[in-house]
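Asks: Sequence first, predicted model second:
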Amino acid sequence: MARPSLPAHIDADIIDAIPEQHGVYLFYGENDLPIYVGKANRLRQRVLSHFSSDHALAKELSISQQVRRIEWQACAGEIDALITESRLVKTLQPTLNRQLRRNREFCSWHLPGLDSYPPSWFTHAILT
């Protein structure tokens, strides 16, 4: 399978280092300004998808033209990735995340009686 053409400023070794797991990716443009934050169930595949369809959608073309640096953050699962994405978009205010930037509502759960995070039952469930 052929690799999509990468933007000129992105090294293929960076793409190869991105894991195939749940997480959040950040695209930075000129002057290290955040331009886009996204979440993925398979980080590397999702990042590459932005560059494989860069001429089909205006947003993808804009990302390909502007991106200068890529960062990622692995997450424990899809819910963790969704929360992390929302938090980063609200904090960094990337130019191409208009919808999440405007959403001021945020929902979270508090489970009384948990002294630590992640709770021991959660860690045990992941390890078994």
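Replies: Great, that's in hand.

Asks: which residues of this protein fall in helices?
Replies: 12-17, 43-52, 58-66, 78-92, 98-102, 120-127 (DSSP state H).

Asks: Output the below-cut-off pLDDT ranges for this protein.
Replies: Within the chain, the ranges that satisfy pLDDT under 70 run 1-4, 53-56, 100-128.

Asks: got the helices of the chain as TSV, with distance to residue 32 and mean neighbour count columns?
Replies: Where you see a C-beta, it was placed from the backbone N, CA and C, and this is true even at glycine. What follows is the helices of the chain, written out as TSV (distance: least, Cβ to Cβ, whole Å; neighbours: other Cβ atoms under 10 Å):
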stretch	distance to residue 32	mean neighbour count
helix 12-17	15	11
helix 43-52	18	18
helix 58-66	12	16
helix 78-92	11	17
helix 98-102	19	12
helix 120-127	34	10
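
Asks: Mind putting the ones you listed into TSV with distance to residue 6?
Replies: As requested, the helices of the chain are exported to TSV (distance: least, Cβ to Cβ, whole Å):
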stretch	distance to residue 6
helix 12-17	6
helix 43-52	6
helix 58-66	9
helix 78-92	23
helix 98-102	25
helix 120-127	33
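
Asks: Tell me which of those helices sits nearest to residue 23.
Replies: helix 43-52 (4.6 Å; Cβ to Cβ).

Asks: Tell me how far residue 24 lies from residue 64.
Replies: 19 Å (Cβ to Cβ, to the nearest Å).

Asks: Same check on residue 25?
Replies: Residue 25 is 14 Å from residue 64, by Cβ to Cβ.

Asks: Kindly report the same for residue 41.
Replies: Taken as Cβ to Cβ, the span from residue 41 to residue 64 is 22 Å.

Asks: Among the helices of the chain, which comes closest to residue 34?
Replies: helix 78-92 (4.3 Å).

Asks: Dump that closest one to PDB, keeping only the CA atoms.
Replies: These are the backbone C-alpha positions of helix 78-92, laid out as PDB (Å, rounded to 0.1, in the frame of the first residue of the first chain):
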ATOM      1  CA  GLU A  78     -11.800   6.600  23.100                       C
ATOM      2  CA  ILE A  79     -13.400   8.400  26.000                       C
ATOM      3  CA  ASP A  80     -10.000   9.600  27.200                       C
ATOM      4  CA  ALA A  81      -9.200  10.700  23.700                       C
ATOM      5  CA  LEU A  82     -12.500  12.600  23.400                       C
ATOM      6  CA  ILE A  83     -12.000  14.400  26.700                       C
ATOM      7  CA  THR A  84      -8.300  15.200  25.900                       C
ATOM      8  CA  GLU A  85      -9.200  16.600  22.500                       C
ATOM      9  CA  SER A  86     -11.900  18.800  23.900                       C
ATOM     10  CA  ARG A  87      -9.600  20.100  26.600                       C
ATOM     11  CA  LEU A  88      -6.800  20.900  24.200                       C
ATOM     12  CA  VAL A  89      -9.100  22.600  21.700                       C
ATOM     13  CA  LYS A  90     -10.500  24.800  24.400                       C
ATOM     14  CA  THR A  91      -7.000  25.600  25.800                       C
ATOM     15  CA  LEU A  92      -5.100  26.000  22.500                       C
END
